[in-house]
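Asks: here is my input, please return the structure:
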Amino acid sequence: MRAKISCLLLLLVLASCSPYRLVEPTQQTIDERYRVTTPVAWTGATIRNGETWTMNGPALDELNFFAGLGDGRSLVSPKSGAGEPPVFKARMRANEVMELVTDSLAYGGYNRVQGSKLRPAKFGQLPGFRFEFVFTTEDGLKYAGKAIGAVSEGELHLILFSAPFAHYFRAYHQTVEQIFTSIDVLS
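Replies: Numbers count the residues shown, from 1 in each chain. Have a look, this model is predicted:
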């Protein structure tokens, strides 16, 4: 009995060390750089260059926030034996940021990565851009994604959403749109 209680206590301690947290359906501040309002709850975690949210797990839906990515920084972590990942340059234009995203996905091992529908958009109060992208996994599962971003004062602000196209992308499309339209850039 004592061994069972010890195992249970160990599991509770390990669970409390999880890097994930509940993101309430309220206004959320992203790295003290901007705020968004989410109409639904997510599970969130801090990532290398920002924050990531998911409802069903990263393989099923992922909303990534990059707040103030500086010159020479990458969206993805370096992979052993794969060379250096693509990096952001402070003077990039919208089409080059779209290429940065698609190149970063390809660097991450995804296939048939394509960006499309690049257009101007507001990122909160900043002049910015939007685009869409698609890719497939190694086993052929098709993903769709959308992005909104801005380059301001030499830094990239970017929100990326991706999910399998067949269900999760369509299921959360409107929720993500609400988040995109709620962006408030902090001074």
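Asks: for the rest of this, base every contact and every neighbour count on C-alpha atoms.
Replies: Will do.
Asks: can you verify residue 119 is assigned to a strand?
Replies: Yes. Assessed by DSSP: H, G, I helix; E, B strand; the rest coil, residue 119 belongs to a strand.
Asks: residues touching it, list them.
Replies: Residues near residue 119 by Cα atoms under 8 Å, 6 or more residues apart in numbering: 129, 130, 131.
Asks: show me where the protein has strands.
Replies: Here the chain has its strands, by DSSP state E, at 21-23, 27-30, 34-37, 42-47, 50-54, 62-69, 111-123, 126-136, 142-152, 155-164, 184-185.
Asks: burial count for the closest residue to residue 104 other than its chain neighbours?
Replies: Closest residue in space to residue 104, ignoring its immediate chain neighbours: residue 86 at 6.0 Å, by Cα to Cα, 6 or more residues apart in numbering. By the criterion of other Cα atoms under 10 Å, residue 86 has 22 neighbours.
Asks: pull the contacting residues for residue 86.
Replies: So residue 86 contacts 74, 75, 100, 103, 104, 107 (Cα under 8 Å, 6+ apart).
Asks: and what of residue 161?
Replies: Contacts of residue 161 (Cα under 8 Å, 6+ apart): 61, 62, 63, 64, 145, 146, 147, 176.
Asks: which of these sit farthest apart?
Replies: Distance extremes for these: the farthest pair is 61 and 147 at 13.8 Å, using Cα to Cα.
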